[in-house]
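Novice: missing the sequence, but the structure's below:
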Ligand SMILES: [Zn+2]
């Protein structure tokens, strides 16, 4: 059992031990919107039980902040509850393949909670958008904005303007349980992430509560600091590539703001994404 905690007017966050992932619920006249659906059907059913202790309102929509399983594998449970599934078009497009990859990896896990992954029914969001979308809750609106690519190709942030809350998905991570390093995975866009966060920051004020994908709610200063560190990662990649350091030596050669072992994908992807003009052939 995990309790939902109110972080702004009718905005509740439940932080789950498994993956230290956050599920947020926003309430309005027309019903409830759930943002991120937890990491399996079983986890989503538990989340729904936690939600029902809070409110009996109709769940009208479930939003995925991005494609990753810990934010999407509860989709089918929320859909069965009547929720329309909403995501960025790139997240929806990537979900079937991501799901297949994750299910294949689950076979190697010994934690029994992973067994549910094979039983988890995939539900791909049907309501998608490219730049921005509003969800009307009657007495309030939610703004869904794609600030650009970063943690994945299809990241979105949810702004609750009247409560001054921003749900940032994994564009921002606080979780010490998960090393407190932003998730530079195999599908990240390290060179674009800083400017995507710049856009997200324009949606905040000095008193905005920012809910990260993992960990405790943070403030704008925290996001500024994380943006700066991600910017250092991107600029270091740009610098190394510009000086002709081969990608295979870049991780060792760079002076990074995060532990090297967290940045292998970031460096490989960054080199791939840099325009040809900013790369030099290694000197022989
Ligand atoms: Zn993620």
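Specialist: Happy to help now that I have it. What you see is a predicted model; the values in this text were computed from it and never measured.
Novice: can you pull the pLDDT of residue 283?
Specialist: Looking at residue 283, its pLDDT stands at 51.
Novice: begin at 800, not 1, for the rest of this chat.
Specialist: Sounds good: first residue 800 from here, last item residue 1082.
Novice: kindly report the residues of the stretch 850-999 of the chain close to the ion.
Specialist: 867, 969 (Cβ under 5 Å from the ion). To be clear about C-beta, it is placed using only N, CA and C from the backbone, and glycine gets the same treatment.
Novice: okay, now residue 834: neighbour count?
Specialist: Counted by other Cβ atoms under 10 Å, the residues lying close to residue 834 total 28.
Novice: likewise residue 815?
Specialist: Residues within reach of residue 815, counting by other Cβ under 10 Å, total 19.
Novice: that one reaches residue 843, doesn't it?
Specialist: No. The pair residue 815 / residue 843 is not scored as a contact, 10.4 Å apart, by Cβ atoms under 8 Å.
Novice: following the strand or helix carrying residue 1022, which helix or strand comes up?
Specialist: Here residue 1022 sits within helix 1019-1041, counting by DSSP states H and E. Sequence-wise, the next helix or strand downstream of helix 1019-1041 (DSSP H and E) is helix 1046-1052.
Novice: list the buried ones in the helix or strand that comes right after that following helix?
Specialist: Per DSSP H and E, the first helix or strand lying C-terminal to helix 1046-1052 is helix 1063-1072. Going by neighbour count (16 or more other Cβ atoms under 10 Å), the buried part of helix 1063-1072 is 1065, 1066, 1067, 1068, 1069, 1070.
Novice: for the third one, what are its contacts?
Specialist: The reference is to residue 1067. Neighbour list for residue 1067: residue 1046 [criterion: Cβ atoms under 8 Å, 6 or more residues apart in numbering].
Novice: how much space separates it from residue 1076?
Specialist: Distance from residue 1067 to residue 1076, counting by Cβ to Cβ, to the nearest Å: 20 Å.
Novice: show me where pLDDT drops low in the chain?
Specialist: 977-978, 1080-1083 (pLDDT under 70).
Novice: nearest residue to residue 1055 in space, please, no chain neighbours.
Specialist: residue 1062 (5.8 Å; Cβ to Cβ, 6 or more residues apart in numbering).
Novice: check the gap between that neighbour and the ion for me.
Specialist: In this view, residue 1062 and the ion are 16 Å apart by Cβ to the ion, to the nearest Å.
Novice: what's the span of stretch 914-931 from first residue to last?
Specialist: Its first and final residues considered, stretch 914-931 spans 36 Å by Cα to Cα, to the nearest Å.
Novice: thinking again about what came up before, common neighbours of residue 815 and residue 843, please.
Specialist: residue 837.
Novice: can you give me the helices for the stretch 850-999 of the chain?
Specialist: Assigned by DSSP state H, counting those that start in this stretch, the helices in the stretch 850-999 of the chain fall at 868-871, 874-879, 888-905, 914-918, 992-1000.
Novice: next, count neighbours for residue 1009.
Specialist: Around residue 1009 there are 26 residues (other Cβ under 10 Å).
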